[in-house]
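Colleague: with the sequence up front, the predicted model follows.
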Amino acid sequence: MTVEIRTLTPDDLEAAELIAAQAFGSPRRHGIQESVERVRQKFAADWHLGVFEDGEMTSMMRTIPLDMYLNGGTLSFGAVSPVANSPLHRRKGHSGLMLRASLQQMRERGQVLSGLYTPHPAFYRRYGWEIASESRLYSFKPKDFGLVVEPSQRGSFSFLKVGDWQSLEPIYQREARQGNGAFRRPEHWWRSYVADTSWRPGTDVVQWQTDAGVAEGYAIYQQPPRPNLEYELVSVLVRELIANSRDAYLNLLGYFGRHDIHYEVTIAGSPFDALPVLFADSEKLEIKQDWAVLLRIVDFEAAMRARPAARADESSELTLRLIDESAPWNDATWRIGVAEGKTWAERATGAAELTLSSNVLAPLFNGYLAPQTAWSAGLLESTGDDALDRAGRIFAVRRPPFFIDHF
């Protein structure tokens, strides 16, 4: 028996998509051939890895190249989606082999971070991915809507199509550049993920302009068509609400609060959104919270050198022992620090002040987990409070993490 892991070619995509269909069922509605054609149009073949046993593909994964915003700069990011195994070849360890190989490939391609969504974090923790963000769903009935603050101007609304992404891009980028976890969206991402309505029926876009006609916000939302409207409860799902100003935010919330014909409005948003405080009758605002992206540091040294500091005047250093079995190039003692607006890392010798695994590193790196909190929970070892304080300054963030995109 021969097992091979390699980058896929265009001729491999049909077998890969069949494995994804068997794992998740998503392409069956369109038929496998149609699904394969859509994949060929949307994704490069060399974004895929596959495992082959005696020439037969047993597992596949896709890693989409993106750039993630953090502290006003960007870091190269590999968005993993999907990871799938053939039901004929499960429990052979092929997924683990593929994930480890993907880390080497991402490193070679300069992707210093990686992230994925999964309902099974325990599996991916074995290879260094860890929960490093959360998301919320805010739900309310329009008849219960009311805010404690009013916008200073009403402005105006206009409808766009999801395909009008070039009109949305400047509004999105102004917000994304300030964020922690938002992506710089290339054209293929807008077309393939944001504007692809083939699996999101009833998608609409509303844009808000100031009284002077300046576009400062938009929302992408779904009103799924229902056959028997009078007998069914119809809800609105707001997939993305982007506002460059307070007035844009308040007016967009008011727009959905006026959807009186609908039973419920649900807004996908950040766990740090102010809506619970803004909502006049907060007990009638339902909140559901869940973890979101699992993050992985692919290349620690390169990631630290690419990471902007939260403050330009911060200066601090620390010796850190990183344990990383799946990415041995990270497994070392490092001297890390922040100075002149940049973080850095270099190999070192001697005793370490902090000792942690690659799993714990990821949520420290993007500010989801504070060093003191990680130490208190037994997730890392430290020589004392001073080392934890310096680690907090090195890994400080301007905003807590929130991933706008789902992939």
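Modeller: In hand now; what should we look at?

Colleague: worst mean pLDDT across the helices and strands of the protein, which element?
Modeller: Least confident helix or strand, the chain: helix 32-42 with a mean of 86, by mean pLDDT, DSSP states H and E.

Colleague: in that one, what's buried?
Modeller: When neighbours are counted by 16 or more other Cβ atoms under 10 Å, the buried residues of helix 32-42 are found to be 35-36, 38-39, 42. No exception for glycine: its C-beta is placed from N, CA and C like everyone else's.

Colleague: I'd say T319 and T333 touch.
Modeller: Yes - in this structure, T319 is within contact of T333 by Cβ atoms under 8 Å, at 6.6 Å.

Colleague: find residues that contact each of the two.
Modeller: Taking Cβ atoms under 8 Å, 6 or more residues apart in numbering as the contact rule, T319 and T333 both touch 348, 350, 352.

Colleague: hang on, the earlier thing: now the least confident helix or strand of the chain, how far from the chain's geometric center?
Modeller: Averaging C-alpha positions (Cα atoms, centre = their mean, to the nearest Å) puts helix 32-42 24 Å from its chain's average.

Colleague: circling back: more neighbours: which of T319 and T333?
Modeller: Between T319 and T333, T319 has the larger neighbour count (other Cβ atoms under 10 Å), namely 20 against 15.

Colleague: so is that one in a helix, a strand, or just coil?
Modeller: Three-state assignment for T319 (DSSP: H, G, I helix; E, B strand; the rest coil): strand.

Colleague: just the buried positions in stretch 136-146, please.
Modeller: Those buried within stretch 136-146 under the rule 16+ other Cβ under 10 Å are 136, 138-142, 145.

Colleague: could you do stretch 290-303 as well?
Modeller: Neighbour counts using 16+ other Cβ under 10 Å place 291-303 of stretch 290-303 among the buried residues.

Colleague: kindly report the same for stretch 214-225.
Modeller: Buried-residue list, stretch 214-225, by 16+ other Cβ under 10 Å: 215-223.

Colleague: which of the residues you listed fall within strands?
Modeller: Per DSSP state E, strands hold the following members of the buried residues of stretch 214-225: 215-222.

Colleague: what about S114, which SS state?
Modeller: strand.

Colleague: oh, that last question was meant for G110, not what I typed.
Modeller: Secondary structure, three-state DSSP: G110 is coil.

Colleague: ok, it to S76 distance?
Modeller: Using Cβ to Cβ, to the nearest Å, one gets 5 Å for the distance from G110 to S76.

Colleague: who has more neighbours out of those two?
Modeller: Between G110 and S76, counted using other Cβ under 10 Å, the more crowded position is S76 (20 against 13).

Colleague: now the more buried one, nearest residue through space, not along the chain?
Modeller: Nearest non-adjacent residue to S76, counting by Cβ to Cβ, 6 or more residues apart in numbering: Q111, 4.8 Å away.

Colleague: and for the one you found, the neighbour number?
Modeller: Neighbours of Q111 (other Cβ under 10 Å): 26.

Colleague: list the contacts of it.
Modeller: Applying Cβ under 8 Å, 6+ apart, we find Q111 in contact with 63, 65, 76-78, 298.

Colleague: against A45, how distant is it?
Modeller: From Q111 over to A45 (counting by Cβ to Cβ), the distance is 17 Å.

Colleague: equivalent analysis for R335, please.
Modeller: Distance check for R335 against A45: by Cβ to Cβ, it reads 41 Å.

Colleague: for Q104, same thing?
Modeller: 19 Å.

Colleague: what do you get for E314?
Modeller: Noted for E314: a distance of 43 Å to A45, by Cβ to Cβ.

Colleague: who's in contact with I32?
Modeller: I32 neighbours (Cβ under 8 Å, 6+ apart): 14, 17-18, 21.

Colleague: reformat those residues as JSON lines; add secondary structure, pLDDT and neighbour count.
Modeller: JSON lines is the format used below for the contacts of I32 (DSSP: H, G, I helix; E, B strand; the rest coil; pLDDT from 0 to 100; neighbours: other Cβ atoms under 10 Å):
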{"residue": "E14", "secondary structure": "helix", "pLDDT": "94", "neighbour count": "17"}
{"residue": "E17", "secondary structure": "helix", "pLDDT": "93", "neighbour count": "23"}
{"residue": "L18", "secondary structure": "helix", "pLDDT": "93", "neighbour count": "18"}
{"residue": "A21", "secondary structure": "helix", "pLDDT": "89", "neighbour count": "19"}
